[in-house]
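**Q** kindly return the folded structure for what I paste below:
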Amino acid sequence: MATGAMYELSGVGFEKSRDLIISLPPDLFAELCQQSIEHLQCESTGVDQILLCQRFQAAGVETNVDEVINVINAVNYLFSTAAKHKLSTDVLVNTVASHYKLPKQTLHVIRHVWTEEGQKLLDTESSRDLLPAAQLLDFQWKIGMAVSSDSCKSLNHPCVTVELKVAEHSGQVQTKVFEMTIQEFQNFSKQFKEMAAALETV
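**A** Residues are numbered from 1 along each chain as shown. Just a heads-up that it's a prediction; the model follows:
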């Protein structure tokens with residue numbers, strides 16, 4: 001295997017996530033790996049770390065969202081690095097086994113997922129850089145009265161609360177909330193209309 005691939009896999013992030021990965025039932029780890037592969041193939045918008053954390057906890061695994069995010073990042077990086085260097089299943093599994101001393105059932109999941117799905121990543125043009133751009137999943141807004149706000153200085157005046165759900169390049173689904181004055185929202189809306197008009201000419 002190329003030295004570059006060995007070096008990248010050695011820094012894949014499994015070390016700080018190893019204990020959690022080992023504690024996962026094989027079916028849940030397989031589910032995580034499958035979601036990671038689908039995200040890297042741009043077949044899904046990302047891995048919902050909150051939902052995944054809830055599933056882990058329901059199975060009796062003691063964890064939190066931050067730890068789940070570390071595992072998601074490690075698995076994404078593992079498969080994207082394997083695709084980047086076009087690693088065979090044996091090379092990938094042997095490298096992970098030698099660096100992280102993972103149990104056989106965990107290695108079996110990695111072997112199975114890469115055998116079944118790895119070629120799809122290798123065959124796609126995106127395998128050169130398997131970090132899809134962030135995607136906007138949902139956009140919600142509502143008008144309310146500013147009672148306490150960092151951004152709306154004039155309290156007891158109308159303001160607009162915007163909630164965005166974004167799938168980041170790492171695969172994490174994040175919700176971002178912010179407030180704008182009516183004038184700021186009007187400018188925001190105007191810019192969207194200008195973008196829409198520009199896209200119609202493309």
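**Q** after the lowest-mean-pLDDT helix or strand in the chain, which helix or strand is next? Please name it.
**A** One helix or strand of the chain scores below all others by mean pLDDT, DSSP states H and E: helix 3-10, with a mean of 54. Counting by DSSP states H and E, the next helix or strand C-terminal to helix 3-10 is helix 14-23.
**Q** tell me which stretches of the protein form strands.
**A** Secondary structure of the chain by DSSP state E: the strands cover 135-145, 158-167, 173-181.
**Q** relative to strand 158-167, how tilted is the last one?
**A** Per axes from the mean of the first three to the mean of the last three CA atoms, to 10 degrees, the angle that strand 173-181 makes with strand 158-167 is 160 degrees.
**Q** helices and strands around strand 173-181, which ones?
**A** strand 158-167 (3 or more CB pairs under 8 Å, 6 or more residues apart in numbering; DSSP states H and E). Any C-beta I mention is one placed from the backbone N, CA and C, and that applies to glycine too.
**Q** quick check: mean pLDDT across the strand it packs on?
**A** The average pLDDT within strand 158-167 is 80.
**Q** now do stretch 195-202
**A** Averaging pLDDT along stretch 195-202 gives 70.
**Q** likewise for stretch 102-115?
**A** The model assigns stretch 102-115 a mean pLDDT of 92.
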